[in-house]
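# I'll drop the sequence and a predicted model, then ask my questions.
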Amino acid sequence: MISLIAAVAENGAIGFENKLLYWLPNDLKRFKALTTGHTIVMGRRTFESLPKGALPNRRNIVLSRNPDFQAPAVEVFASLEEVLRVVEQTVANETEEGVRPDNEVFVIGGASVYMAALPLADRLCLTLVHDSPKAADAFFPVFDPQEWRVEHEERHDADERHAFPYTFIDYVRA
Ligand SMILES: NC(=O)c1ccc[n+]([C@@H]2O[C@H](COP(=O)([O-])OP(=O)(O)OC[C@H]3O[C@@H](n4cnc5c(N)ncnc54)[C@H](OP(=O)(O)O)[C@@H]3O)[C@@H](O)[C@H]2O)c1
């Protein structure tokens, strides 16, 4: 199963100047719950935006075309196709906390990797943020709603920890 997971504004925006647009604790909680124990795949720029590097208790894979790129606790690949082949064939190492990530893949961004992975995805786990920021330079790819069916939808109001209302919405291929 290949899932894309993203927090997306109503105008499709996902980032600005290599940073996320929103700080939504419930979105981070859902991201952690969905991805822990699995494989996460990200672009080199998204990896470099992570404040503490590789995310714990997950198999961290970074895509880069630079053969010299390396970083602690990540595996680096030059194409998505190669990632999927390797994830099918190899078992990840156990993490320090004793978690052995399985072969379920979550593509965690950014824009260029979502774009490349969309045709291969079985599921989209989106947090639709009910806002349309003007300052944005990275966008989720446009997808055809006819090709996807809503599997789960859950709306939340803004509150003292969430500046905007948001909807968790999971799509699977129709
Ligand atoms: N809202 C969200 O849920 C969310 C999630 C993640 C990221 N973001 C945002 O998205 C933005 C970053 O997106 P981005 O498109 O600029 O960067 P990105 O996709 O994170 O990284 C781009 C880099 O990844 C490598 N790459 C991408 N596709 C590849 C492929 N098919 N094969 C091999 N290497 C590949 C290349 O690295 P090299 O240049 O090293 O070759 C490329 O320059 C940031 O603003 C970030 O905050 C948002």
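Yes, it's here. Numbering: from 1, shown residues only.
# Surely Tyr166 and Glu154 touch.
No: counting by Cβ atoms under 8 Å, Tyr166 sits too far from Glu154 to count as a contact (9.3 Å). Quick note: C-beta positions are derived from backbone N, CA and C, even for glycine.
# of the two, who's got more company?
Taking other Cβ atoms under 10 Å, Tyr166 and Glu154 do not tie; Tyr166 has more neighbours (25 against 11).
# so what's that one bridging to?
Here Tyr166 shows beta-bridge partners Val129, His156, assigned using DSSP bridges.
# Which pLDDT value goes with it?
Note for Tyr166: predicted pLDDT of 98.
# Check which helices and strands the helix-or-strand element of the chain with minimal mean pLDDT is in contact with.
Every helix and strand of the chain was ranked by mean pLDDT, DSSP states H and E. The lowest is helix 80-89, at a mean of 94. On a contact count with 3 or more Cβ pairs under 8 Å, 6 or more residues apart in numbering; DSSP states H and E, helix 80-89 meets strand 39-43, strand 59-63, strand 75-77, strand 105-107, helix 111-117.
# ok, and for the second one, which residues are buried?
It stands for strand 59-63. 59-63 (16 or more other Cβ atoms under 10 Å).
# Which residues are in contact with the residue nearest to Asp137 when sequence neighbours are not counted?
Spatial nearest neighbour of Asp137, chain neighbours left out: Phe16 (5.5 Å); criterion: Cβ to Cβ, 6 or more residues apart in numbering. With contact taken as Cβ atoms under 8 Å, 6 or more residues apart in numbering, Phe16 is in contact with 133, 135-138.
# among those, which ones are buried?
Here, 16+ other Cβ under 10 Å leaves 133, 136, 138 buried among the contacts of Phe16.
# Report pLDDT for the first one.
Going back to what we said before, that points to Pro133. On pLDDT, Pro133 comes in at 98.
# Mind checking what secondary structure it has?
The local conformation at Pro133, judged by DSSP: H, G, I helix; E, B strand; the rest coil, is coil.
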